[in-house]
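# Attaching a predicted model along with its sequence, questions to come.
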Amino acid sequence: MVRIARTKSSTGVYHLIIRGINRQNIFECSEDFEKYLDVLKTVKEISSFKLYGYCLLDNHAHFLIEEGEENLATVFKRLGSRYVMWFNRKYARTGPLFQGRYHSEAIEDDAYLLTALRYILQNPVMAGICKDPGNYRWSSYKDYLGKGQGMTDTAFVLNQLSSDASKQRRLFAEFMGVEGGEHTDIDQNTPDAIKEKMRRICGVASASEFQALDPDKKDEGVRMLRQAGLSIRQIVRLTGMSFHVVRRLGEG
């Protein structure tokens, strides 16, 4: 079978996925997750790549990585060989553990990097494992709140959200869909109540109507919605404005 050439990222950043062969588990218990993270930390020190995010699940894992001194093929060869040797010895098995090559997707701009990171860290929620990504043990989410292992390179992402360090973690939690840095439901207001606030404050009832407003009215509407207690994520969904624009206007 002819292999399709990987798309090269101009930024050096990639979203990568590894899967168990025949969809089998690559992590059977907490010890396995812990071992893989130990190997990941060791290989990171050797290969000098930047790790912006990760999430390990039973039969696959996601990573957001910027290439360092070694290319990713070498990085994942190191990771795979060290972990598989340990895994096979532990479970008295032989043969490959991972399904072929890792899958990679080029990340070409900062906005897409943030989107990819949110997708990665929301995986346990989408898989029905937990309701709150902050409660999942085997991801880099807690590193962004200053409560994790500290292996993740968080500064670049947090600086994208705000130059004010005192606001970064709260904004990160909001971006991930968690209110005010606390792990609660994002929609404490009902959808009807939220839309009513939009109609009352902005005079429109949908994102398309909001987008048709004059630029000054849109900016003022965002500011007033923030003052009315809506979160950045709620305003993004209501108005169709970008997270960065809503965050900037809300701080103004």
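Everything's here; your move. Because the structure is predicted, anything quoted here is derived from the model rather than measured.
# how far away is the most centrally placed residue in the chain from residue 157?
The chain has residue 117 as the residue nearest its centroid, 2.2 Å off, counting by CA atoms, centre = their mean. Per CB to CB, to the nearest Å, residue 117 is found 6 Å from residue 157. C-beta here means a position set from N, CA and C on the backbone, and glycine is covered the same way.
# repeat for residue 199
35 Å.
# So the two - more neighbours on which side?
Legend: neighbour count by other CB atoms under 10 Å for residue 199 and residue 157, higher for residue 157 (21 against 12).
# what sits against that one?
Counting by CB atoms under 8 Å, 6 or more residues apart in numbering, residue 157 makes contact with 52-53, 113-114, 117, 144, 172.
# gap between it and residue 54?
The spacing between residue 157 and residue 54, counted by CB to CB, is 13 Å.
# any shared contact partners between these two?
Shared contacts of residue 157 and residue 54, defined by CB under 8 Å, 6+ apart, are not found at any residue.
# Validate this expectation: residue 148 resides in a helix.
No. Read with DSSP: H, G, I helix; E, B strand; the rest coil, residue 148 is coil and lies in no helix.
# Give me the distance between it and residue 174.
Residue 148 is 19 Å from residue 174, by CB to CB.
# Among these two, which residue is more densely surrounded?
Neighbour count, other CB under 10 Å: between residue 148 and residue 174, residue 174 has more, with 24 against 15.
# continuing past the one helix or strand residue 220 maps to, what's the next helix or strand?
Secondary structure from DSSP states H and E places residue 220 in helix 215-227. Going down the chain from helix 215-227, the next helix or strand is helix 232-239, by DSSP H and E.
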